[in-house]
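Student: task: produce atomic coordinates for the following.
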Amino acid sequence: MINVAALEKDLRRLAAVGAEPGPGVTRLGFSPEERELHRQVAEKLAALGADVRRDAIGNLIARRPGEDDTLPAVACGSHLDSVPQGGRYDGVAGVLAAVAALRTLKERGMRTRHPLEVIVFVSEESSRFGVATLGSKVLTGRAQPEEWAGLTDFAGVSLPEALAGAGVDPAQVGAARRRPEEFKAFLELHIEQGRVLEETGNKIGIVTAIAAPTRLRVTLSGRADHSGATPMGLRRDALAAAAELVLAVERWGRAESPQQSVATVGILKAEPGAMNVVPGKAVVGIDVRGIDKESIARAVAGIRADLAEIARRRRVNAQVEELTAEDPVPLHPGIIATLEGVCRRLDVPYMLMPSGAGHDAMNMAHLTPTGMIFIPCREGISHNPAEEASLEDIARGAEVLLAALLELAKPVPRQTAPKEAPSNLPATTGNA
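Tutor: Below you'll find the predicted structure:
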């Protein structure tokens, strides 16, 4: 069983790092707060008998040797950084569930044939530099640091400067790349960041695929005119055209929802932004994501076609910039089956579900068979000071994680002292 008291103590201690007034926290990638969290978790893992190191990008890697340390490792983990004024459980729940699993193995005196690794990735959130999952991208070879040389944060600090400030040599980060043969599997536990589990009453979500976004920035250019002196028929209102586009995006999201796709307008800016001026320019930020590439493509194509018609009819110019177009990532069927078997054996209500948010697991899935465990978060609130996961749900998720790790890494039977062989000598009495 998971040591719930120790898990609760760990949660309370980490919650103090980067704490804002109220329940929120700010722990940006490569910040002193992220480094302090890594230091505290490294201490815990070292005390549990793991060999702890920091790789060339700053990921924390703790290895618990296996009975046969030449075998590939079974790994688990998540991240510790946050968005500005974020919640205390995003990433942290997964890291501390991994710590709890290793603590249970130590307390029970259990060993595994395969080595176990806990990986705490740096800079998973995109909040600081606009690029998500930096640590896992480098570890899996899915990005090269020279691609990010021009990135800066809101304070003008470049990514290379932030790396150097965190004790990372930007010229050496490529050495963090790992090889597929080093791993047997990877598991990540995470809060759901939605309310499907809460609404359905299930306690565990087993992720089948991680959605990927296609993001568009649409700039509509009409004509700024006096709102009182310009008749309605003569207007080239960019914001009115944008309003139609917003509804078109929603229609396509609804049309593709049976394929579990969604479409969102998250940015809408009008210029010049005066109450007595017809807007001459509008910028619309569109996010289309899902787990089915064809569904995403249909939605994007439909949005583009509707935009062309809106622009023609309203006599505005439309420019479309594709910001990103990533592929959805299916998770490994064998790992999914393992997690299903564990949930059935532990009698834990579960469901199969996609992840609408990105995670480090989507990069690890390109390196090794990967699975994800979701636990409920209250009202689906995340990236928010009100983010909350119950201790009971985190502990239950840690139990599922531990059972899956044991199944994949193969527990070693405990050695028992051999029974004393019976003697064939006759019994003696008195003095020999």
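Student: for the protein, which segments are assigned as helices?
Tutor: Taking DSSP state H as the criterion, the chain carries its helices at 4-15, 32-47, 92-108, 134-139, 159-165, 196-200, 238-255, 293-314, 333-346, 361-364, 391-409.
Student: check which helices and strands the fourth one sits against.
Tutor: Right, helix 134-139. strand 116-121, helix 361-364 (3 or more CB pairs under 8 Å, 6 or more residues apart in numbering; DSSP states H and E). C-beta coordinates here come from the backbone N, C-alpha and C atoms, glycine included.
Student: would you turn the ones you listed into TSV with mean neighbour count and mean pLDDT?
Tutor: Below are these laid out as TSV (neighbours: other CB atoms under 10 Å; pLDDT from 0 to 100):
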stretch	mean neighbour count	mean pLDDT
strand 116-121	27	98
helix 361-364	28	96
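Student: distance to residue 270 added to the helices of the chain, as CSV?
Tutor: Compiled in CSV, the helices of the chain are given as follows (distance: least, CB to CB, whole Å):
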stretch, distance to residue 270
helix 4-15, 40
helix 32-47, 37
helix 92-108, 39
helix 134-139, 34
helix 159-165, 32
helix 196-200, 34
helix 238-255, 4
helix 293-314, 14
helix 333-346, 45
helix 361-364, 35
helix 391-409, 43
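Student: nearest to residue 115 among those would be which one?
Tutor: Closest approach to residue 115 among these is made by helix 391-409 (7.7 Å; CB to CB).
Student: list the buried ones in that closest one?
Tutor: 393-409 (16 or more other CB atoms under 10 Å).
Student: then stretch 239-252?
Tutor: In stretch 239-252, the ones that count as buried by 16+ other CB under 10 Å are 239-245, 248-249, 252.
Student: cool, and stretch 315-323?
Tutor: By 16+ other CB under 10 Å, the buried positions in stretch 315-323 come out as 316, 318.
Student: could I get that stretch in CSV with only the CA atoms?
Tutor: C-alpha atoms of stretch 315-323 as CSV (Å, rounded to 0.1, in the frame of the first residue of the first chain):
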residue,chain,number,x,y,z
ARG,A,315,-15.3,42.9,-48.6
VAL,A,316,-12.4,42.4,-46.2
ASN,A,317,-9.0,40.9,-46.8
ALA,A,318,-8.0,37.7,-45.0
GLN,A,319,-4.5,36.5,-44.3
VAL,A,320,-4.0,33.1,-42.6
GLU,A,321,-0.8,32.1,-40.9
GLU,A,322,-0.4,28.5,-39.8
LEU,A,323,1.4,28.7,-36.5
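Student: contacting residues around that stretch?
Tutor: 214-222, 236-238, 241, 304, 307-308, 310-311 (CB atoms under 8 Å, 6 or more residues apart in numbering).
Student: are any of those residues buried, and which?
Tutor: Listed as buried from the contacts of stretch 315-323 are 214-216, 218-222, 236-238, 241, 307, 310-311; burial here means 16+ other CB under 10 Å.
Student: picking up where we left off before, quick one: which of the helices of the chain is nearest residue 179?
Tutor: helix 134-139 (10.6 Å).
Student: average pLDDT across the closest one?
Tutor: Per-region confidence: helix 134-139 scores 95 on mean pLDDT.
Student: then that helix to PDB, C-alphas only?
Tutor: Extracted in PDB, the C-alpha atoms of helix 134-139 (Å, rounded to 0.1, in the frame of the first residue of the first chain):
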ATOM      1  CA  LEU A 134      11.500  21.300 -23.600                       C
ATOM      2  CA  GLY A 135      13.100  18.700 -21.400                       C
ATOM      3  CA  SER A 136      11.400  15.700 -22.900                       C
ATOM      4  CA  LYS A 137      11.900  17.000 -26.400                       C
ATOM      5  CA  VAL A 138      15.600  17.200 -25.900                       C
ATOM      6  CA  LEU A 139      15.700  13.800 -24.100                       C
END
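Student: show me how far it is from its chain's centre.
Tutor: 12 Å (CA atoms, centre = their mean, to the nearest Å).
Student: adjust the sequence numbering to begin at 16 for everything that follows.
Tutor: Taking 16 as the first residue, the last one we looked at is helix 149-154.
Student: so, low pLDDT: which residues of the protein?
Tutor: For the chain, the stretches with pLDDT under 70 are 430-447.
Student: domains in it, as residue ranges please.
Tutor: 19-225+343-427, 227-340 (automatic domain parsing).
Student: which of these sits most buried?
Tutor: Of all the domains of the chain, domain 19-225+343-427 has the most neighbours on average by mean count of other CB atoms under 10 Å, namely a mean of 20.
Student: gap between the two ends of that domain?
Tutor: Start-to-end span of domain 19-225+343-427 (CA to CA, to the nearest Å) is 25 Å.
Student: residue contacts, the residue most central in space within the chain?
Tutor: The residue lying closest to the centre of the chain (CA atoms, centre = their mean) is residue 374, at 2.4 Å. With contact set as CB under 8 Å, 6+ apart, residue 374 has these partners: 93, 139, 148, 203, 205, 225, 387.
Student: in strands, which of those appear?
Tutor: Secondary structure from DSSP state E places 93, 203, 205, 225, 387 of those in strands.
Student: just checking, the fourth one touches residue 377?
Tutor: Meaning residue 225. Yes - taking contacts as CB atoms under 8 Å, residue 225 lies within contact range of residue 377: 4.3 Å.
Student: give the residues shared as contacts by the two.
Tutor: When contacts are counted by CB under 8 Å, 6+ apart, residue 225 and residue 377 have residue 344 as shared neighbours.
Student: ok, now which ones touch the closest residue in space to residue 37 that isn't next to it in sequence?
Tutor: Sequence neighbours aside, residue 400 is the residue nearest to residue 37 in space, at 5.5 Å (criterion: CB to CB, 6 or more residues apart in numbering). Shown in contact with residue 400 (CB under 8 Å, 6+ apart): 35, 37-40, 100-102.
Student: about what we covered before: now the two most distant members of the ones in strands among the contacts of residue 374.
Tutor: 93 and 225 (13.6 Å).
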